[in-house]
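S.K.: need a structure here:
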Amino acid sequence: MEIIKYPDEENFNAAVDVDDPLLVLVSHDGERIIASQIDDGFEHHLLLKKAGFPETDIDKYFRLVVNKDGADWTFVCPENYNSITRKEKKIEAFFKDGMRIIPPALKKLGYDVPIEIPKRYRRHFNIMNN
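M.R.: Numbering: from 1, shown residues only. This next block holds a predicted model:
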């Protein structure tokens, strides 16, 4: 697994030490984590670009904001996720994959925290419950 701490490990670790919120990107295959203190990354797609990847690759990552209290999952299921056409099945697969891949990734960063989907992102998630 590749772990990229932006802008560098020293600044990242300093942010962790004072429990600053972190932006975290976890690739859908679980093979890459990109993380930074929120003020260094600003937004997930900007962090991706700052880390040297095309910001258009944003739909290849689970997006989180993390601190010692928990992880807020910006639950945005890509339109073409795993080439699943039925919307509810696609969202269900996205959720299950995220819950399988995100916790071990967060543990690699030193966080064993609950994952929450903030209310403003539940519109897609709620499709599974209908």
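S.K.: just checking, what packs against the longest helix seen in the chain?
M.R.: Ranked by residue count under DSSP state H, the longest helix found in the chain is helix 87-108. Applying 3 or more C-beta pairs under 8 Å, 6 or more residues apart in numbering; DSSP states H and E, we find helix 87-108 packed against strand 22-27, strand 61-67, strand 70-74, strand 115-116, helix 122-125. For glycine as for every other residue, the C-beta is placed from the backbone atoms N, C-alpha and C.
S.K.: Nearest to K89, out of these?
M.R.: helix 122-125 (12.7 Å; C-beta to C-beta).
S.K.: if we can go back for a sec, so what's the gap between the longest helix of the chain and the chain middle?
M.R.: Averaging C-alpha positions (C-alpha atoms, centre = their mean, to the nearest Å) puts helix 87-108 10 Å from its chain's average.
S.K.: Identify each buried residue in that helix, please.
M.R.: Of the residues in helix 87-108, 90-92, 94-95, 97-98, 101-103, 105-106 count as buried by neighbour count, 16 or more other C-beta atoms under 10 Å.
S.K.: Contacts only, for F94.
M.R.: F94 is in contact with 75, 77-78, 81-82, counting by C-beta atoms under 8 Å, 6 or more residues apart in numbering.
S.K.: and the residues you listed, which of them are in helices?
M.R.: Going by DSSP H, the helices hold none of the contacts of F94.
S.K.: what helix or strand does S36 sit in?
M.R.: strand 32-37 (DSSP states H and E).
S.K.: orientation of that strand relative to strand 22-27 in degrees?
M.R.: Counting by axes from the mean of the first three to the mean of the last three C-alpha atoms, to 10 degrees, strand 32-37 lies at 170 degrees to strand 22-27.
S.K.: average pLDDT for strand 32-37?
M.R.: The pLDDT scores in strand 32-37 average 98.
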